[in-house]
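Visitor: I'll drop the sequence and a predicted model, then ask my questions.
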Amino acid sequence: MNFQKVILKLFALFSVVRGYNLIVLILAQYLAALFIFAPDLGHRQIITDVKLDGIILCSILCVAAGYIINNFYDLEKDEIKRPLQVYLQKQVSQNFKLTIYIILNLSALIIAWFISWRVFIFFVVYQFLVWFYSHKINRFALIKNVYLIIIRVMPFFALLIYFDNFTFNLALHATFLTILFLITDIVKDLSSQKADLIYNYNSIPIKYGIDFTKVLISCLIITELVIGILIIIKNDVGAMKYFFICANIAFFFVLLMIWRIKTIQEYKILHYFFKGMIVLGVFSIVLIEINPLTLQTIAQNFSKRVN
């Protein structure tokens with residue numbers, strides 16, 4: 001029975017720290033390091049870079065701590081949005097959550113200190129920004145959306161500082177990802193209007209209205225379409241260009257459908273769609289080193305073997 005309780009609490013803690021998001025973040029950081037930030041370095045050299053591993057570990061610990069403190073403040077609101085998930089998360093006490101929160105943050109700072117004092121300062125600032133978001137900013141419309149996106153892309157900014165390799169191509173990728181995060185977060189606000197209204201969270205749909213929110217989403221999608229076209233035209237992302245082609249097609253249809261969507265359930269589906277696009281974009285990074293001509297050669301060789 002005690003073993004079952006331990007397993008249940010582990011699952012609850014995994015849910016609190018959004019373990020699935022942490023796994024995606026780890027993959028995203030390593031893939032970005034391998035194929036975007038330092039494409040000229042050997043893969044083994046990057047993966048075995050102790051300082052890089054330390055920076056990514058610090059990021060994961062800080063993000064996990066951020067999810068914990070956000071869960072601490074938003075538990076009541078989440079009971080309306082995701083009651084089953086909150087029921088699981090309540091298997092872990094609030095005091096235990098705070099203890100783990102402190103341990104994760106302290107561990108990140110200790111690791112950061114051994115890497116360099118600059119990394120230490122970066123993560124001190126990052127931890128403060130995450131706490132300030134959960135404590136104050138998340139109740140203010142529009143400001144909290146932009147603020148949250150800054151927090152989400154900061155782990156990648158740490159990699160940018162480490163590799164010191166800023167290019168126009170990198171800027172396009174970063175802008176595309178940042179806007180995609182922003183669209184996803186605003187759509188999430190549309191799907192959680194009821195809970196936000198009850199607990200007095202001043203989200204964009206509540207403060208500015210549904211029509212303004214849809215206009216904002218439409219403008220962001222149009223921006224993504226333009227960036228996607230620029231990346232495709234540059235043609236230096238290998239086979240990943242097919243992701244951007246598919247993403248642009250998807251954005252075009254969403255742009256046509258956004259004004260017909262009205263129910264909370266439809267907004268939730270759209271939110272999950274954009275989250276799926278983020279995950280797909282992360283995995284498609286590995287395609288950067290695959291040239292379309294290489295894919296054509298593989299397909300021809302496979303066809304010959306079959307025949």
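Guide: Sure, I can see it. Small disclaimer: the values here were computed from a predicted structure and weren't measured.

Visitor: rest of the way, CA atoms for contacts and neighbours
Guide: Fine.

Visitor: okay, buried residues for stretch 168-182 please.
Guide: Leu172, Phe176, Leu177, Thr178, Ile179, Leu180, Phe181, Leu182 (16 or more other C-alpha atoms under 10 Å).

Visitor: what about stretch 130-142, start to end distance?
Guide: Terminal residues of stretch 130-142 lie 17 Å apart, using C-alpha to C-alpha, to the nearest Å.

Visitor: and what of stretch 33-40?
Guide: Termini of stretch 33-40 sit 10 Å apart (C-alpha to C-alpha).

Visitor: so what's the gap between it and the chain middle?
Guide: Relative to its parent chain, stretch 33-40 has a centroid offset of 19 Å by C-alpha atoms, centre = their mean, to the nearest Å.

Visitor: quick check: mean pLDDT across that stretch?
Guide: Here stretch 33-40 scores 83 as its mean pLDDT.

Visitor: following the helix or strand where Ile227 lies in sequence, what is the next regular element?
Guide: Using DSSP states H and E, Ile227 falls within helix 210-234. Using DSSP H and E, the helix or strand that follows helix 210-234 in sequence is helix 241-257.

Visitor: ok, and what's touching that following helix?
Guide: Contact with helix 241-257 is made by Ser218, Ile221, Glu224, Leu225, Gly228, Ile229, Ile231, Ile232, Asn235, Met277, Gly281, Ser284, as judged by C-alpha atoms under 8 Å, 6 or more residues apart in numbering.

Visitor: ok, Pro205 touching Ile217?
Guide: No - using C-alpha atoms under 8 Å, Pro205 is not in contact with Ile217, being 11.2 Å away.

Visitor: about what we covered before: which pair in the contacts of helix 241-257 spans the largest distance?
Guide: Maximum pairwise distance among the contacts of helix 241-257 (C-alpha to C-alpha): 25.9 Å, between Ser218 and Asn235.

Visitor: so for the two, which residue has more residues nearby?
Guide: Between Ser218 and Asn235, counted using other C-alpha atoms under 10 Å, the more crowded position is Ser218 (20 against 13).

Visitor: list the contacts of that one.
Guide: So Ser218 contacts Leu255, Ile258 (C-alpha under 8 Å, 6+ apart).
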